[in-house]
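[1] Okay, predicted coordinates and the sequence, questions at the end:
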Amino acid sequence: MTSLPVEQAQRIISEWVRPLGTMETVPLKDALFRVLAEDVISTVDVPFQDNAAMDGYAFCADNLDLTMPQTLRIAGSVHAGHRFEGIVPQGECVEIMTGGFIPAGCDTVVPLESVMVQDGFITMAASAVAGGDHVRLRGEDVKAGERTLKQGVLLKPAHLGLLASLGIAEVSVGKRLKVAIFSTGDELCPIGAPLVAGGVYDSNRYALDGMLKRLGCDVIDLGVIRDDPALIKAAFLEAARQADAIITTGGASVGAADYTKAVMSELADVAFGSINMRPGRPMAFARMAAGEKMISVFGLPGNPVAVMVAFYFFVRDALFYMMGTRPAPLPYMQVPTLSPLSKRRGRTEFQRGILSQNEQGEWVVRTTGAQGSGMLSSMVQANCMIVLPSDSGDVGSGEKVAVVPFDGLV
């Protein structure tokens, strides 16, 4: 099977996956990193009433020349959550705390530190404030009847705060995506047990479990499946019965015991089985019918770095699509490399990098060193991925390269 360019593989995945379209109502505190299933229309103005943006004194600026010093009599005080009864006459003021409702007759707040207080009067210096300053107007943040958030938004802490400001206690979100994972390979040993001759510990499922949980997915871990086509087939069928998506690691290459791709071809409609990139070339993607459901299947390589690269540049966005949202493209920075980079033309390469600032405060990047796809420690050292396009060759020190920071991603 021909290896597809990275961009074509990404496009095929985005065209093949579909949102699940199932929803549930959850308490607001449980909605973090869930996908909003319905538009949110505010039923209230935010703020609900004009209020003070800082501690100070509220007064009416009409008929006052604020370019000159002004002296006002203090008529009372108002704290946040309380009202001042009555109307504040011209030439008087009310002490007010941040968040306090602006009394009737007032339209301006002068900050506490901008006045002198003596014998029940305040004196403000010339130009200490302008008319309308330091007042939050009713509805200036959100107006009643306004669509505040659109369906498909991935809810982050700021979204939860905004929803709480509207008095919303529960929210409709897409149901959590169920993702089944399993690793294949006779050489894989469980962690905590002694290694057998020729064995390696299965790190891939633990990395996948963490990456999936960070996306808010429910993980169904089917463990390690031995290199037996019948066992691998049974694992696929069990995974399809329980999950919305399946991610496998190992057995996706062309070795004598690489059965995963063959079983996938038997059970599913395979879109592609190889991507022209390094690491992660033997990655497959397919759709598998399970009753009325259509399951997305990602067959990832066995090498741990390749698993993480494939997940973040191919699987992550697909899972978001299934949840009902299309995240913003990953942020790419163009920065000089301090390391010369060896690169073969004709394939996209993802190299682990360390992004930092030089003495001039400019962003620069260097590699973590050797780039073997089994060197998981390099992913721990790295804080970014250097992305070298297929048409580029070796890169000299000082040349600019595309970098995707890990912050918020890994």
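    All right, it came through fine.

[2] Report the separation between the residue in the chain sticking out farthest from the centre and residue 71.
    For the chain, the largest distance from the centre (CA atoms, centre = their mean) belongs to residue 119, which lies 55.4 Å off. Taking CB to CB, to the nearest Å as the measure, residue 119 and residue 71 are separated by 11 Å. No exception for glycine: its C-beta is placed from N, CA and C like everyone else's.

[3] Which other helices and strands does the lengthiest helix in the chain contact?
    If you go by DSSP state H, the chain has its longest helix at helix 229-242. Helix 229-242 is packed against strand 178-184, strand 218-225, strand 245-249, helix 260-267, strand 284-290, strand 293-300, with contacts defined by 3 or more CB pairs under 8 Å, 6 or more residues apart in numbering; DSSP states H and E.

[4] ok, now with 7 Å
    strand 178-184, strand 218-225, strand 245-249, helix 260-267, strand 284-290 (3 or more CB pairs under 7 Å, 6 or more residues apart in numbering; DSSP states H and E).

[5] In it, which residues are buried?
    Buried positions in helix 229-242, judged by neighbour count with 16 or more other CB atoms under 10 Å: 232, 233, 235, 236, 239, 240.

[6] possible to save those residues as TSV with distance to residue 28 and pLDDT?
    Formatted as TSV, those follow (distance: CB to CB, whole Å; pLDDT from 0 to 100):
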residue	distance to residue 28	pLDDT
232	42	96
233	43	97
235	38	97
236	38	97
239	33	97
240	34	97
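
[7] Residue 348 is in contact with residue 385, correct?
    No. Counting by CB atoms under 7 Å, residue 385 stays clear of residue 348, with 11.2 Å between them.

[8] More neighbours: which of those two?
    residue 385 (26 against 21; other CB atoms under 10 Å).

[9] any idea how far residue 312 is from that one?
    8 Å.

[10] Next: residue 278.
    Distance from residue 278 to residue 312, by CB to CB: 15 Å.

[11] Okay, now the unreliable bits of the stretch 201-350 of the chain?
    252-257 (pLDDT under 70).

[12] Can you show me the helices along the protein?
    Using DSSP H, the helices found in the chain span residues 6-16, 157-165, 204-214, 229-242, 260-267, 304-310, 316-323, 377-381.

[13] For the shortest one, give the mean pLDDT please.
    Going back to what we said before, that points to helix 377-381. Across helix 377-381, the average pLDDT comes to 88.

[14] and that helix, how far from the chain's centre?
    Here the centre of mass of C-alpha atoms in helix 377-381, compared against the chain's by CA atoms, centre = their mean, to the nearest Å, lies 21 Å away.

[15] mind giving me the domain ranges of the protein?
    The chain resolves into domains spanning 6-22+177-323, 23-41+149-174, 51-136, 333-405 when parsed by automatic domain parsing.

[16] of all those domains, which lies closest to residue 142?
    Of all the domains of the chain, domain 23-41+149-174 sits nearest to residue 142, with 6.8 Å by CB to CB.

[17] just how off-centre is the closest one within its chain?
    Per CA atoms, centre = their mean, the displacement of domain 23-41+149-174 from the mean C-alpha position of its chain is 15 Å.

[18] ditto for stretch 96-113
    Distance of stretch 96-113 from the chain centroid (CA atoms, centre = their mean) equals 38 Å.

[19] gap between the two ends of that stretch?
    13 Å (CA to CA, to the nearest Å).

[20] List the buried residues of it.
    Those buried within stretch 96-113 under the rule 16+ other CB under 10 Å are 96-98, 100-103, 105-112.

[21] now stretch 65-72
    Result for stretch 65-72 [16+ other CB under 10 Å]: buried residues 66, 70, 72.

[22] Over to stretch 31-44?
    For stretch 31-44, burial by neighbour count (16+ other CB under 10 Å) applies to 31, 33, 34, 35, 36, 37, 40, 42.

[23] Restricted to strands, list these.
    When these are checked against strands (DSSP state E), the matches are residue 40.

[24] With pLDDT and distance to residue 198 added, can I get the buried residues of stretch 31-44 in TSV?
    Formatted as TSV, those follow (pLDDT from 0 to 100; distance: CB to CB, whole Å):
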residue	pLDDT	distance to residue 198
31	96	47
33	91	40
34	94	44
35	96	44
36	97	49
37	96	49
40	97	56
42	96	62
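
[25] which one is residue 117 nearest to, not counting chain neighbours?
    Computed as CB to CB, 6 or more residues apart in numbering, the closest residue to residue 117 that is not its neighbour in sequence is residue 74, at 7.6 Å.

[26] Just grab the bridge partners of the one you found for me.
    Beta bridges link residue 74 to residue 93 when assigned by DSSP bridges.

[27] Setting aside sequence neighbours, what's the nearest residue to residue 71?
    residue 123 is the one closest to residue 71 (CB to CB, 6+ apart), at 4.7 Å.
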